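In: Okay, here's the prediction I keep looking at, along with the sequence it came from:
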Amino acid sequence: MLILGIETSCDETGIGLVSEGRTLHANTIASQVELHARYGGVVPEVASRQHVLALVPTLQRALQTAKATLADVDAIAVTYGPGLVGALVVGVNFAKGLAMALNKPLIGINHLEGHIYAGWLEPDLHPEREPGFPLLCLLVSGGHTDLVVMRGHGDYTLLGRTRDDAAGEAFDKAARVLGLGFPGGPEIQREAQKAQAPEPLPRVVLKEGLEFSFSGLKTALVRRAQAAGVYPAQEGMPAPLTGPQRQQKVADLAAGFQEAVVEALVEKTLEAVRSTQVRGILLGGGVAANALLRQRMRERSPVPVLIPRPSLCTDNGAMIAAAAYYRLRRGERHPWNLDADPSLRVG
């Protein structure tokens, strides 16, 4: 069964073709990163217009890569939430048009569920068999930082989420404070590799429950950056640093910030492992591409850790197609009045 997956929840236009929920035939992405970088973040209206322009060419490239035609496709899957409402509407309407024209089933997929099923696209992984259910899923995607127990296909229980900023948002804001580019996660990681003396920043690990909080860490970074002269200072603060001195201080601050975020994510995930008796940990979402997070989670976890390759951690259509296979197998379909749900939750 060949499923075509469409992803337009934010600033990546993704089309994927996946058979039987595991075999990846194409994963084509049209990125808008350079377009939005000049603004320091995603502009929703711009993103929506770019999806309109990119969907047909991206679909054509995906079909060429897979050496397939639309006649070979058995179902159409699309992200219908959460995300930017305008961007979601573009993808949902495109998917409905395709499904109607081809007389194929339409399956709406939760974007966060898609990130879970990215793990099924790795040929060397088979999460439902090794280690098997239940799995603890750490979803660190854009505006979301969630801990979810997956007991089986389509069976999710939310354990905790962020109280304020998500980890990805925190990285973006930290990058702006330090004068780095967008998106913030890769920029922070790149700078952190140049650090000589990582700046110690507070570890915000909430004592009770399985929730996260990153807004206090962001505030601490702003104050350290002001005090160091690498961020617009208030009256009485040191004069701004310049040249190599500034570059080194930015690297040290970036390393300290990355350490603090990663420690919070790992600590809460391991706390959830101890309280839920899961058989493994699955990471999904753009922040799961962070090398330090991948390393620390694997080093410290008492259970197997499954992490897709970085290219499958970021938004893509293949993960949407993979997730749809298991819903279609259970006989699920969506009606033609499927609409975008920007606040959709998992669990």
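Out: Looks like it came in fine.

In: Quick one: low-confidence residue ranges for the chain.
Out: Filtered on pLDDT under 70, the chain yields the residue ranges 233-239.

In: ok, the residue nearest to residue 312 when sequence neighbours are not counted to residue 284 distance?
Out: With sequence-adjacent residues excluded and distances taken as Cβ to Cβ, 6 or more residues apart in numbering, residue 312 is closest to residue 118, at 4.3 Å. Every C-beta, even on glycine, is put in place using the N, C-alpha and C of the backbone. Per Cβ to Cβ, to the nearest Å, residue 118 is found 6 Å from residue 284.

In: Can you give me the neighbour number for residue 189?
Out: Counted with other Cβ atoms under 10 Å, residues neighbouring residue 189 total 18.

In: so is it in a helix, a strand, or just coil?
Out: Per DSSP: H, G, I helix; E, B strand; the rest coil, the secondary structure class of residue 189 is helix.

In: State the number of residues packed around the closest residue to it other than its chain neighbours.
Out: Spatial nearest neighbour of residue 189, excluding adjacent residues (Cβ to Cβ, 6+ apart): residue 290 at 5.9 Å. Counted with other Cβ under 10 Å, residues neighbouring residue 290 total 27.

In: Ok, residue 61 next?
Out: For residue 61, the count of nearby residues is 15 (other Cβ under 10 Å).

In: circling back to that earlier point, my guess is the residue nearest to residue 189 meets residue 262, correct?
Out: Yes. Applying Cβ atoms under 8 Å, one finds residue 290 in contact with residue 262, separated by 7.0 Å.

In: anything in contact with each of residue 118 and residue 284?
Out: Residues touching both residue 118 and residue 284 by Cβ atoms under 8 Å, 6 or more residues apart in numbering: 308, 313.

In: Just list what whichever helix in the chain runs longest packs against, helices and strands only.
Out: Ranked by residue count, the top helix of the chain under DSSP state H comes out as helix 243-276. Applying 3 or more Cβ pairs under 8 Å, 6 or more residues apart in numbering; DSSP states H and E, one finds that helix 243-276 contacts strand 135-141, strand 144-152, strand 155-161, helix 167-177, helix 184-192, helix 215-228, helix 291-300.

In: Determine which stretch of the ones you listed is the most buried.
Out: Most buried of the helices and strands packed on helix 243-276, by mean neighbour count (mean count of other Cβ atoms under 10 Å): strand 135-141, with a mean of 26.

In: tell me the angle of that strand relative to helix 243-276?
Out: Per axes from the mean of the first three to the mean of the last three Cα atoms, to 10 degrees, the angle that strand 135-141 makes with helix 243-276 is 150 degrees.

In: who does strand 135-141 pair up with?
Out: strand 144-152 (antiparallel), strand 280-284 (parallel) (DSSP bridges).

In: Please state the offset of it from the chain centre?
Out: Computed by Cα atoms, centre = their mean, to the nearest Å, the separation of strand 135-141 from the middle of its chain amounts to 10 Å.

In: hey, C-alpha coordinates of that strand in PDB?
Out: Coordinates of the C-alpha atoms in strand 135-141 are reproduced here as PDB (Å, rounded to 0.1, in the frame of the first residue of the first chain):
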ATOM      1  CA  LEU A 135       7.300   3.500  24.300                       C
ATOM      2  CA  LEU A 136       8.000   6.800  25.900                       C
ATOM      3  CA  CYS A 137       8.000   9.500  23.200                       C
ATOM      4  CA  LEU A 138       9.800  12.800  23.700                       C
ATOM      5  CA  LEU A 139       8.300  15.200  21.100                       C
ATOM      6  CA  VAL A 140      10.400  18.300  20.700                       C
ATOM      7  CA  SER A 141       9.000  19.900  17.600                       C
END
